[in-house]
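> My questions are about this predicted structure, shown below with the sequence.
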Amino acid sequence: MKILLLPSYFTPEQFASSYLLENCNQAYADEGFDMVVYAPMPCRGISDEVRNIYKGLSYEKSYNGKMVVHRFRLIKEGRNTYQRALRYIIMCVKQVCLSLFSKDAKNCDLLFVSSTPPIQGAMAALIKKIRKIPLVYNLQDIFPDSMVSTGMTQKGSLLWKLGRRIEDFTYRNSDKIIVISNDFKKNIMAKGVPENKIEIIYNWVDEKAVVEIPRERNILFDRYNLNRKDFYITYSGNIGHTQNLDMLIDVAEILDKRYKDIKFVLIGEGAYKKSLEEKVNTKNINNIILLPFQPYEEISHVFSLGDAGLVISKPGVGTNSVPSKTWSIMSASKPVLANFDENELKEIIEANNCGIFTKAGDIDGFVTSILTLYDNRDLSKRLGKNGRKFIISNLTKEIGTKKFVEVVKNLTIF
């Protein structure tokens, strides 16, 4: 059995769910599946030197020959929304042509795509209609809902109506839709998707790759001259417009007046990072430390750095989502500090006693939650250990990848 994969980003690129893709690919290979990949030249999270290596590389093999990767040239990803949109359109056109006419693609038995960019699902649905092969759609973000919540458009606008048509076309032609939460399932069922087409598979964490590293052995403290005696709240991931980081600046200013040893470490990149840096420098805020993305092999050091891990969003943005960084925080035996929309995330944190939840935008509640852990380090450790227990029981790599393999198996005939 052969799977056709059409990713918008692919190794060695650095993106939030890269480990999920790699874990699934390894599981497919271990199961004996063959894979064919058509991916653009890498650009996200890598240097120009690395990108240049792939300019002359159009064919690769990996996973002991179980995967064949075909690269095609594509313009770099820009920060401008219109530049990104143009890149996505060109990419989708190329992937459609390759999927329909290339020899390797014609021999594939199943098509698998994820939901970024928004048109990726519709592109795959078109290929499915022409090729008549099963389509698995991995829904990591719900469009156009997320565009409304981030203020990019309004419900009822022309863009929203177009997005809904694309969304309906994708769902209608998908044979199986994998969603990352029960809230996602409720959302698309309300739009007419039959329940038997939906499979809930939470974004897992590699519990063996993300473990607690004692502070005295954490290499990031020496690398960035961090005082091991301070109390750290860490955030790792996309530094974008939806994370409510302006509120975090306000919280940092409030705490800095009385607690000089409470520090916020933000690790990552994103469209809002430059603006955030400017605000931190202009306001002379000393308790916010901005660091770049760290290599995946150091992920345990990243999520072990803090006394607590932060999950944060603007009100209305996280209604249906449970950020996957939550699982990495818990896997590293750290308590989750969530300032988020009330959804499944709140239920998980409170039911398993693995952190403190406050409603998105609640500054006073958020400050109180930080000081609760600051004043009670034993509580902080207990919450962290509870999180690790939850991961081991529910969200390991083995549990998650096995479900993906079963979805693929059930849609194909050997």
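Looks like it arrived, so ask away.
> how close does His241 get to Asn410?
As defined by CB to CB, to the nearest Å, His241 lies at a distance of 39 Å from Asn410. C-beta coordinates here come from the backbone N, C-alpha and C atoms, glycine included.
> Which of the two has more residues huddled nearby?
Neighbours around His241 and Asn410, counted as other CB atoms under 10 Å, are more numerous at His241. The numbers are 17 against 11.
> looking at it, that one is touching Ala271, isn't it?
Yes - contact criterion CB atoms under 8 Å: His241 and Ala271 qualify, at 6.3 Å.
> Quick check: which element contains Gln14?
Using DSSP states H and E, Gln14 falls within no helix or strand.
> quick one, what contacts the closest residue in space to it that isn't next to it in sequence?
Among residues not flanking Gln14 along the chain, Gly45 sits closest, at 2.8 Å (CB to CB, 6 or more residues apart in numbering). Applying CB atoms under 8 Å, 6 or more residues apart in numbering, we find Gly45 in contact with 13-15, 269, 293.
> Out of the residues you listed, flag the one nearest to Tyr232.
Phe293 (17.7 Å; CB to CB).
> Okay, that closest one and Glu398: tell me how far apart.
Counting by CB to CB - Phe293 and Glu398 are separated by 26 Å.
> more crowded one of those two?
Higher neighbour count among Phe293 and Glu398: Phe293, with 17 against 13, using other CB under 10 Å.
> helix/strand/coil for Val311?
Secondary structure, DSSP: H, G, I helix; E, B strand; the rest coil: Val311 is strand.
> Report the beta-bridge partners for it.
Ala338 (DSSP bridges).
> that older thread, and the residue nearest to Gln14, how close does it get to Ser236?
Taking CB to CB, one finds Gly45 at 13 Å from Ser236.
> Please report the distance of Ile89 from Asp168.
20 Å.
> Equivalent analysis for Phe15, please.
Phe15 is 27 Å from Asp168, by CB to CB.
> So between these two, which is more surrounded?
Phe15 (18 against 14).
> Surely the more buried one is in contact with Arg44?
Yes - Phe15 is within contact range of Arg44, at 5.7 Å (criterion: CB under 8 Å).
> for the residue lying closest to Leu4 once chain neighbours are set aside, what are its contacts?
Leaving aside its chain neighbours, Leu4 sits nearest to Cys108 (3.7 Å; criterion: CB to CB, 6+ apart). Applying CB under 8 Å, 6+ apart to Cys108 gives the contacts 2-4, 36, 133.
> tell me the two of the residues you listed that are most distant?
Greatest spatial distance in the contacts of Cys108: Val36 and Ile133, 12.1 Å, computed using CB to CB.
> any residues in contact with both of those two?
4, 108.
> Quick check on the two: which one has the bigger neighbour count.
Neighbour count, other CB under 10 Å: between Val36 and Ile133, Val36 has more, with 22 against 17.
> hmm, back to that, any shared contact partners between Phe15 and Arg44?
Counting by CB under 8 Å, 6+ apart, the residues touching both Phe15 and Arg44 are Tyr9.
> and Gly65, helix, strand or coil?
Gly65 is classified as coil under three-state DSSP.
> Please report the distance of it from Gly32.
Relative to Gly32, and taking CB to CB, Gly65 is found at 12 Å.
> Same question for Asn394.
Taking CB to CB, one finds Asn394 at 27 Å from Gly32.
> Grab the nearest non-local neighbour of Leu74.
Closest to Leu74 by CB to CB, 6+ apart is Pro40, at 3.8 Å.
> Could you pull up the residues touching that neighbour?
8, 10, 71-74, 91, 94.
> and the residues you listed as TSV, adding neighbour count, pLDDT and distance to Lys381?
Output for the contacts of Pro40, formatted as TSV (neighbours: other CB atoms under 10 Å; pLDDT from 0 to 100; distance: CB to CB, whole Å):
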residue	neighbour count	pLDDT	distance to Lys381
Ser8	23	94	40
Phe10	22	93	39
Arg71	19	94	46
Phe72	15	94	50
Arg73	11	92	51
Leu74	17	92	47
Met91	24	96	46
Lys94	16	96	51
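> show me the contacts for Val136.
Counted by CB under 8 Å, 6+ apart, Val136 has contacts 110-113, 174-178, 407-408, 411.
> Quick check: Phe33 vs Asn203, distance?
Taken as CB to CB, the span from Phe33 to Asn203 is 21 Å.
> State the three-state secondary structure for Asn138.
Assigned by three-state DSSP, the conformation of Asn138 is strand.
> and stretch 267-283, what's its mean pLDDT?
For stretch 267-283, mean pLDDT is 92.
> mind saving the C-alpha coords of it as PDB?
Written as PDB, here are the backbone C-alpha positions of stretch 267-283 (Å, rounded to 0.1, in the frame of the first residue of the first chain):
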ATOM      1  CA  ILE A 267      11.100  30.900  22.900                       C
ATOM      2  CA  GLY A 268      10.100  31.000  19.200                       C
ATOM      3  CA  GLU A 269       9.600  33.000  16.100                       C
ATOM      4  CA  GLY A 270       6.600  34.600  14.400                       C
ATOM      5  CA  ALA A 271       5.000  37.600  12.800                       C
ATOM      6  CA  TYR A 272       4.700  39.500  16.000                       C
ATOM      7  CA  LYS A 273       8.200  38.900  17.400                       C
ATOM      8  CA  LYS A 274       9.700  42.100  16.000                       C
ATOM      9  CA  SER A 275       6.900  44.300  17.400                       C
ATOM     10  CA  LEU A 276       7.200  42.500  20.700                       C
ATOM     11  CA  GLU A 277      10.900  43.100  20.900                       C
ATOM     12  CA  GLU A 278      10.400  46.800  20.200                       C
ATOM     13  CA  LYS A 279       7.800  47.100  22.900                       C
ATOM     14  CA  VAL A 280       9.900  45.300  25.400                       C
ATOM     15  CA  ASN A 281      12.900  47.600  24.600                       C
ATOM     16  CA  THR A 282      10.800  50.800  24.500                       C
ATOM     17  CA  LYS A 283       9.200  50.100  27.900                       C
END
